[in-house]
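Colleague: Could you work out the structure for the sequence below:
(chains A, B and C)
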Amino acid sequence: MDHHQDDTKSYSQSEEDLLELRRGPWTVDEDFTLINYIAHHGEGRWNSLARSAGLKRTGKSCRLRWLNYLRPDVRRGNITLEEQLLILELHSRWGNRWSKIAQHLPGRTDNEIKNYWRTRVQKHAKQLKCDVNSKQFKDTMRYLWMPRLVERIQAAAAAAPNLDVAVALPRPENSSAAASSESFGTPASDLTDCYNNQDCYAANNNQFSYGDQLSLSSPSGYFNQGLDFGGQWAMDGGDASDSLWSVDDVWFLQQQFNTNA
DNA sequence: AAACATCGCAACCGCAACCTA
DNA sequence: ATAGGTTGCGGTTGCGATGTT
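Modeller: From the prediction side, this is the model:
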């Protein structure tokens, strides 16, 4: 991390008012100014950058705009099935460590992942009338939602065998390559390196299956018979999460509840 | 058509960790 | 050692878009 403070200064609220610092949505002109300045001078030293570039914004605002929106390698839009699976897996492991999770989804920002979790996952918890942190909901995610995602990814791969469909799964935490972009879009021939995580999944020749723990206990095989996904789970990357839920989830939750009661 | 409700996301805020003079 | 500043993180909010009544 390159910290500099030779030309930095923070502003009090009154100073901000005096300088008429802008807040709220960025304009096209502001975006252009920021992109142009960073192209010539690089990023970092955000407070001085904001002033040097002539932007009436806080350094913090500039940094956020750049990292979450303007950066050329930022990926925006539909979260793919593979990304959803990865988010669920990593969140089950690390909780709300959005930045850490984002490191494993190249181009995705912590903000986007956080928003995905809040708008999609928590919404489903609400619909199922259970707490997102409850054991029941976590079990439902692990034994229903995630297996379904895997199956849908498999199906998508089978439907479009010419496309390389790779599920990027996390390596053990101490892996030095954990955050590298190589874990996405990896050619099928080079997949095995992504699947050596014993507590997670196993894969051979582009086939996915849960590890022992999950494959032995997952009830998804029962549920998935006759499930209708409405043909909307190809590679369109649409709101794939919504169709993962059905009356079976309620049934599963009830079983969980009865078991734990 | 209009009023109201809900959703999704960009941006903000407070705080803690970190850096350096 | 520490004070003053920056950066990064997670939680929260505001608002336009969209859906519903």
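
Colleague: Residue A:75 in helix, strand or coil?
Modeller: coil (DSSP: H, G, I helix; E, B strand; the rest coil).

Colleague: With residue A:49 as the reference, measure out to the nearest residue to it once chain neighbours are set aside.
Modeller: Leaving out its chain neighbours, the residue that sits closest to residue A:75 by C-beta to C-beta, 6 or more residues apart in numbering is residue A:107, at 3.2 Å. Heads up, the C-betas are built off the backbone N, CA and C, glycines and all. Separation of residue A:107 from residue A:49 (C-beta to C-beta, to the nearest Å) stands at 23 Å.

Colleague: now residue A:27
Modeller: Counting by C-beta to C-beta - residue A:27 and residue A:49 are separated by 18 Å.

Colleague: Likewise for residue A:98?
Modeller: Counting by C-beta to C-beta, the gap from residue A:98 to residue A:49 is 24 Å.

Colleague: Poorly predicted segments of the stretch 51-200 of chain A, please.
Modeller: A:162-200 (pLDDT under 70).

Colleague: Pull out the buried residues from stretch A:34-53.
Modeller: For stretch A:34-53, burial by neighbour count (16 or more other C-beta atoms under 10 Å) applies to A:34-35, A:37-38, A:43, A:45-51, A:53.

Colleague: How many neighbouring residues does residue A:21 have?
Modeller: Here the count is done by other C-beta atoms under 10 Å, and residue A:21 has 16 residues near it.

Colleague: Helix or strand: which one has it?
Modeller: For residue A:21, there is no helix or strand it lies in under DSSP states H and E.

Colleague: Surely it is in contact with residue A:59?
Modeller: No. The pair residue A:21 / residue A:59 is not scored as a contact, 10.4 Å apart, by C-beta atoms under 8 Å.
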